[in-house]
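> Take this sequence and fold it.
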Amino acid sequence: MFQSKEYILRHRGKKGPDREEYLRQLVQEYSVTDNLESKQQILANLGNFAYDPVNFVWLWNLKVVDLFLDAVTCEDPLLQEFGMGGLSNICLDPIHHEHILSEPYHIRAIMECLFSDELKYTENTIINSMTLLMLLIDPISQKGNTFFHLD
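Numbering: from 1, shown residues only. Predicted structure coming up:
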């Protein structure tokens, strides 16, 4: 559900951290924990926050897009899935969109999910990678042949 910053401020209550601080805590916890299940849960939560445009600036400042991109290339299928889902949500923001397209490596990692001979990706990861690639196609990426010259 899309929410305004004013709505969030009115409904967050007096106790506990505000949204920006909560996101910061999630990112910090993700970076220090070695527990795979905790990482999966945190990345899934961050992916859900990436759906709401009110969070885009906070997520950008915390470099969450890079967490999603890193997760896509890791070995754990759920981290891959949640990373790809987060990218699919966050790519609607122009800054994040441009960042994802800025490195051919990012596009290669996303396309790997579609064209890999290995069966190491979940169905949701594959669907989210197709969705993400469709959302990334714009006049600039088409003109620059971003998706065709990945050598």
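> When you work out contacts or count neighbours from here on, use the C-alpha atoms and nothing else.
Will do.
> where's the residue lying closest to residue 38 once chain neighbours are set aside, which helix or strand?
Excluding its sequence neighbours, the residue lying closest to residue 38 (Cα to Cα, 6 or more residues apart in numbering) is residue 30, at 7.6 Å. Per DSSP states H and E, residue 30 falls inside helix 19-32.
> Ok, residue 40 next?
Per DSSP H and E: residue 40 is located in helix 36-49.
> Listing request: residues of the protein with sub-threshold pLDDT.
1-5, 7-17, 140-151 (pLDDT under 70).
> Mind listing what's buried along stretch 117-130?
Of the residues in stretch 117-130, those buried under the neighbour-count criterion (16 or more other Cα atoms under 10 Å) are 121, 125, 126, 127, 128, 129, 130.
> with those in mind, which one is nearest to residue 101?
residue 129 (13.7 Å; Cα to Cα).
> With adjacent residues omitted, what lies nearest to the closest one?
Closest to residue 129 by Cα to Cα, 6+ apart is residue 110, at 5.8 Å.
> does that neighbour really touch residue 72, like I thought?
Yes. In this structure residue 110 lies within contact range of residue 72 using Cα atoms under 8 Å: 7.3 Å.
> okay, those two: which has more neighbours?
Remark: of residue 110 and residue 72, residue 72 carries more neighbours, 29 against 23, as counted by other Cα atoms under 10 Å.
> Give me the contact list for the host helix or strand of residue 134.
Element membership for residue 134 (DSSP H and E) is helix 123-136. Helix 123-136 has contacts (Cα atoms under 8 Å, 6 or more residues apart in numbering) with 80-82, 84-85, 87-88, 91-92, 97, 101, 110-111, 113-114.
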